[in-house]
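>>> Quick one: sequence and predicted model below, then my questions.
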Amino acid sequence: MVWGPSNAQNSFEPLSAEPIVAVLIGPGGVGKGTIARRLIESDDHLWLSRSWTTRPRRSGEDGSEYRFVDRETFEAAIDEDKFLEWAEFHGNLYGSPLPEAPNGADVLLEIEVQGAEQVRREIPDAVVFLILPPSMRQLEERLRARGDQEDHVALRLSSTPEELAKGHELATYIVVNDDIERATAEILSILEGLRRLRRGPS
């Protein structure tokens, strides 16, 4: 598995196995970002790749959620082959730069479904988690609660069935985010099981 060169400090104890690439996908408002943060806080061997986007920051975002750039900057990075994956979604560009993870770290991506298709082509053994809402009604409520405009909520909801259909095709595991702590714990348990398999008999 070949990624970009890393200049990050190695603060990870190697797990003596090929790094896992874990991918979180799901419709907007399902809680992927919150789960990603909880996973990083809970797992010292997991490194989050910070995605780029051309969409504007929402109220309440502090800028750590994405690297927010203009379209010209993003398109220049595409031309320079800086992305592992990128996609245009509802008029905005989203992409994951080539990972520069510390040695021994597993990589976590929080991306759009279209991007996950590209990751699957580049890294066939990537582990894809499809995050589902408990119901479409709750998904709609979450979109409004995070401050999205009504037209954006409607646009997101209109694309959700297609995203879910494609997500089911790509998913290695399906996790329902009915409770953030439970969903996070489920993913952590799966990752630890995969690590044990990769390390083999001790």
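That came through fine.
>>> all contacts plus neighbour counts: C-alpha atoms, from now on.
Fine.
>>> what sits opposite the most centrally placed residue in the chain in the beta ladder?
Most central in the chain under C-alpha atoms, centre = their mean is Glu110, positioned 0.9 Å from the mean C-alpha point. Judged by DSSP bridges, the bridge partners of Glu110 are Leu24.
>>> Pretty sure it sits against Gly26.
No. Applying C-alpha atoms under 8 Å as the test, Glu110 and Gly26 come out as separate, 9.1 Å apart.
>>> Give the residues shared as contacts by these two.
Listed as contacting both Glu110 and Gly26 by C-alpha atoms under 8 Å, 6 or more residues apart in numbering are Lys32.
>>> returning to what we had before: and the residue nearest to the centre of the chain, what does it touch?
For Glu110, the contacting residues are Val23, Leu24, Ile25, Lys32, Gly33, Ala36, Ser49, Ser51, by C-alpha under 8 Å, 6+ apart.
>>> Leaving out chain neighbours, which residue sits closest to the third one?
This points to Ile25. Leu130 (5.0 Å; C-alpha to C-alpha, 6 or more residues apart in numbering).
>>> before we move on, what SS does Tyr94 have?
Under DSSP: H, G, I helix; E, B strand; the rest coil, the three-state class of Tyr94 is strand.
>>> State whether it and Leu84 are indeed in contact, as I suppose.
No. In this structure, Tyr94 is not within contact of Leu84 by C-alpha under 8 Å, at 11.2 Å.
>>> So the two - more neighbours on which side?
Tyr94 (25 against 18; other C-alpha atoms under 10 Å).
>>> which intervals of this protein have sub-threshold pLDDT?
For the chain, applying pLDDT under 70 flags the ranges 1-17, 148, 201-202.
>>> Pull the contacting residues for Arg142.
Residues near Arg142 by C-alpha under 8 Å, 6+ apart: Gly29, Val30.
>>> Other residues contacting the helix or strand harbouring Arg37?
Secondary structure from DSSP states H and E places Arg37 in helix 32-42. With contacts defined as C-alpha under 8 Å, 6+ apart, helix 32-42 is touched by 24-26, 46-48, 65, 108, 110, 131, 180, 183-184, 188.
>>> Which residues does the helix or strand just after it contact?
Next helix or strand after helix 32-42 toward the C-terminus (DSSP H and E): strand 46-48. By C-alpha under 8 Å, 6+ apart, the residues outside strand 46-48 that reach it are Ala36, Leu39, Ile40, Ala101, Pro102, Ala105, Asp106, Val107, Leu108, Leu109.
>>> How far does strand 46-48 sit from its chain's centre?
Mean-position distance between strand 46-48 and its chain equals 10 Å (C-alpha atoms, centre = their mean, to the nearest Å).
>>> Ok, stretch 160-178 next?
The chain centroid and the centroid of stretch 160-178 are separated by 13 Å under C-alpha atoms, centre = their mean.
>>> Straight-line length of it, end to end?
Stretch 160-178 has an end-to-end distance of 17 Å (C-alpha to C-alpha, to the nearest Å).
>>> what does it rub up against?
25-28, 30-31, 113, 116-117, 127-134, 183, 186-187.
>>> Tell me which stretches of the chain form helices.
Ranges of helices in the chain, per DSSP state H, are 32-42, 71-79, 113-122, 136-145, 150-170, 180-199.
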